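Trainee: Got a sequence here, can you model it:
(2 chains)
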Amino acid sequence: MSPQGRLALTVGGLAALLVAVAAAALFLGSAAISPRGVIGAVAGRAAAESVESVVILSIRLPRIAVAALAGGALAVAGVAFQALTRNPLAEPSVLGISGGAAFGVVIGQSLGLGLTVVEAVGLTGFAFAGALLAAAAVYLIAAAGRGVIQIQTLLLAGVIVGIFSASAITVIISLLDFNRLGGVIHWLLGNVAPIPPGALGLFAILLGAGFGLVLRHARELNLLALGEESAQQLGLNADRLKLTIFTGAALLTASVVAFAGPIGFVGLVVPHMLRMLLGPDNRLLVPTSLAGGAIVLLVADTVARSIVAPAELSVGVITSFCGAPFFVYLLRTRYRGLM
Amino acid sequence: MRAAALAVGLVLAVSPPAGAFSARDMLGREVELAAPPARIVSLVPSVTEALYALGAEARLVGVTDFCDYPPAARGKPSVGGMINPNLEAIVALQPDLVIATTEGNREETFAQLKRLGIPTYLVAAHRVRDVTDLIARLGALTGSQHAAGPLLARFERRIAAVAQAVAPLPRPRVLYVLWPEPLIVPGREALVTELIRLAGGESVTAGEADAYPRYSLESAVAKAPEVILLANHGANTGPIDEPKWRRLTSLPAVRAGRLHRVEGNLVHRYGPRVVDGLEQLARAIHPEAFP
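Mentor: Take a look at the predicted model:
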C-alpha cells in the first residue's frame, strides 16, 4: 500500500476510535444520567438549566475536549523530541522539560494568574519560558565537551534538570500558606478539568500552532534520522530544522502544563506503540500520534474520574502508573545494551 | 467591650438581608438568589457543623468527605474532597446554593461553579467574631434566626466564663503545633492564635504572617515555650510525634511536663464547636483554674 494510503487508513481508523471513545466518555460519570438523557442533552432537547444539559455540555464535553487535546499534544511532542534527539526514550517529562514548564506555571500561579483568557496567555508564557530554560539546560549538560549526545547522557541530563525543577517548585511551595498548598499540589499531579470556553479556544490555537510546526517538517525529521551529516548533504538545514521542531514541541508541552498540569509518559507510550504498528516514518507518526495520544489520555481521564467516584483521581497518576512500567519494559526489551 | 461588640454584630447580622434574597457573603461578594436556599451543598466541614447546630440540616443536600461531624452528616450524599469536589456530583444534587471557603477549597472550583450557573457563598474566619458572624449569617440564610440567637448567646456565655476564669492568672508562652513535619504553626491570621489568647496563653508564633506558616524547629525552641500543644486531626489520628518534643529537654514546657494533645478539629474548624475547643485549650494551659 502507498504511504498516503496507509496514512489515510491509519488516521481514519484512529479518528473513528477517538470519536467512539469520546462518545463513550460522554455517557460515563458520577451523575447517573441515563443514555436517553445524554442523547437529549447533546441533541439540544434538554432545557438549558437541566441537570442533563449542564453536566453533559458544560462539564463532560469540555473535559473530554481538554483531555483529547492535551493527550494528542503530549504524544506529538514525544515524537518530536524523539526525532530531534534521535533518542527513542526522549519525552517531555523524561527530559525534564515538563518540570521546567511546571516551575514556570507555579511562579505564574503564585503571582495570582488563573485561567481567564488574558491570564492563561501569561501562564502559558511562564510555562514556555520554563520549558525553554529546562531544554537549554538539558542540552548544555548533555552536550558538554562532545559533539554527539549519547542516550544515557541525555536521560541523565533530563533527570538532573527534572530534580532541579522539582526543588525549585518546592521552594515556592514552602513559602505558600498552608491553605493554598492543597490547590497547588493538586495541580502538580496533572488534572484535566473543564476549562472556560475562551481558554479552551486559546489552548486549541496554541496546540494547533505547535502541531503545525512539527507536521510540516515531518519529512525532514526522517532525513535527520540518517544523521546530521547525511541530512546536510541532502540539502537540509539541520540547525534551523532542530530549532523549529524544538520550538513546536516546547510550545505543545508548555501549553499542556499550563492548562492541565504536568502529565507524564503519554509522549513515550503512544509513539512507541504506533512505531511498533507503523514503523519509524515520522510522516505517519506525527498525525497518528495526535489521534493516539488523544485516545490514551481520554481513556485515562475517564478512568480517573470514575474509578473512585464521587471522588476523583488525578489523570497524571494514572498515566504514570501505566507509563513507568512501560518505560521499564522498553529498557529491558529494546534497549538492553543500556542496562 | 467585646461582649457589646458581639451583641451589636449579632443584631446586625441576624436581621434579614434586604431585597428578594440577595445576600453579601463573608468576602463582600453579592450573591443573587431567587428565593431562600432550600438545597445547599456545603464544601466546608465548619459550615456543615453550623447548619446542623442551627437545625437547618434538612436544607443540606450535599457535603464533602471531610464533613464528619455531627455523625449524621456522614449520611448526606458526598461530592468528594474539599480540593477536588466532583462537579458532576454537585450539579446532580441540583443545589440552589454552594457554600465554600477561600481556605481549603480552590478558586478554580468557584470559577467552575459560576460558569455552571450555581451561586456560591464564600466564607472565611480568622477571629472568634467571624465565627459568630458566620453562624448568624447561616441562620439568616436558612431562616433559622430563632435557633441562631440562643445558640450564639450560649456560645458567648461560655467564652465569657473562660475569660473570667483565666483573667487573674499569669499568661504562659504557648507553642501550638498544627503539623509536626514540616512544622506548621498558627500565625497572625489563624483563629487558633486568638483562641490561645482567650484561653489565657500567649502563642509564641502569634506575630508570624499569614494564617498557617511553616516554621523552623530552631525558632520554636528559641522561644522557650512553657506549654506545647500538639494538635491531632480527626479521631486521635494524624502525626503527633510526641517523642520528638519530649527529647527537647531544655524546653521549659518539656521540663514541666506540659506537653498536651488537643483535638484539632475543635479549634481549626470555625463552627459552633470552637467554644469546646476554647475550653479544651484553657484546661490545657491553666489546669489549675478548671479542677
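Trainee: Can you pull the residues of the stretch 201-339 of chain A lying near chain B?
Mentor: A:305, A:309-312 (Cβ under 8 Å from any Cβ of the partner chain). C-betas here are computed from N, CA, C, even on glycine.
Trainee: Can you tell me which of those residues is closest to B:R171?
Mentor: A:A311 (43.8 Å; Cβ to Cβ).
Trainee: Report how many residues lie close to that closest one.
Mentor: When neighbours are counted by other Cβ atoms under 10 Å in any protein chain shown, A:A311 registers 18.
Trainee: same question, A:P325
Mentor: 11.
Trainee: Tabulate the CA atom coordinates of the helix or strand harbouring it in CSV.
Mentor: Secondary structure from DSSP states H and E places A:P325 in helix A:315-333. Extracted as CSV, the C-alpha positions of helix A:315-333 are listed here (Å, rounded to 0.1, in the frame of the first residue of the first chain):
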residue,chain,number,x,y,z
VAL,A,315,-5.1,11.7,35.4
GLY,A,316,-1.3,12.2,35.8
VAL,A,317,-1.4,9.5,38.5
ILE,A,318,-3.0,7.1,36.0
THR,A,319,-0.6,7.8,33.2
SER,A,320,2.4,7.4,35.5
PHE,A,321,1.1,4.2,36.8
CYS,A,322,0.9,2.8,33.3
GLY,A,323,3.8,4.7,31.8
ALA,A,324,6.5,3.8,34.3
PRO,A,325,6.2,0.0,33.8
PHE,A,326,6.1,0.6,30.1
PHE,A,327,9.4,2.6,30.3
VAL,A,328,10.9,-0.4,32.2
TYR,A,329,9.6,-2.8,29.6
LEU,A,330,11.2,-0.7,26.8
LEU,A,331,14.5,-0.6,28.7
ARG,A,332,14.5,-4.3,29.3
THR,A,333,13.5,-5.5,25.8
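Trainee: Could you pull up the mean pLDDT of that helix?
Mentor: Averaged over helix A:315-333, pLDDT sits at 87.
Trainee: Same question for stretch A:210-222.
Mentor: Stretch A:210-222 carries an average pLDDT of 94.
Trainee: what residues does that stretch touch?
Mentor: Residues from elsewhere that reach stretch A:210-222 (Cβ atoms under 8 Å, 6 or more residues apart in numbering or on different chains): A:72-73, A:76-77, A:79-80, A:83-84, A:231, A:236, A:241, A:244-245, A:247-249, A:251-252, A:255, A:280-283, A:285-287, A:290.
Trainee: On the pLDDT front, check the residue nearest to B:R269 when sequence neighbours are not counted for me.
Mentor: In space, and not counting its chain neighbours, B:R269 is closest to B:S46: 4.2 Å by Cβ to Cβ, 6 or more residues apart in numbering or on different chains. Looking at B:S46, its pLDDT reads 96.
Trainee: One more: A:R336?
Mentor: What the model reports as pLDDT for A:R336 is 64.
Trainee: so where is the chain shaky, pLDDT-wise?
Mentor: Since you didn't name a chain, this refers to chain A. Of all residues in chain A, those with pLDDT under 70 make up the ranges A:1, A:145-149, A:335-339.
Trainee: that's the other chain; I wanted chain B
Mentor: B:1-20, B:234-239.
Trainee: If we use 50, what do you get?
Mentor: Applying pLDDT under 50 to chain B flags residues B:1-2, B:4, B:6-19.
Trainee: what does it put close to chain A?
Mentor: B:65, B:77-84, B:86-89, B:91-92, B:94, B:102-104, B:106-108, B:111-112, B:115-117, B:178-179, B:182, B:184, B:210-214.
Trainee: for chain B, what are the nearby residues on the stretch 51-200 of chain A?
Mentor: A:51, A:54-55, A:58-60, A:114-115, A:174-175, A:177-179, A:182-183, A:186, A:191, A:193-194, A:196.
Trainee: and A:I33, what is it in contact with?
Mentor: Going by Cβ under 8 Å, 6+ apart, A:I33 touches A:27, A:41, A:51-52, A:55-56, B:92.
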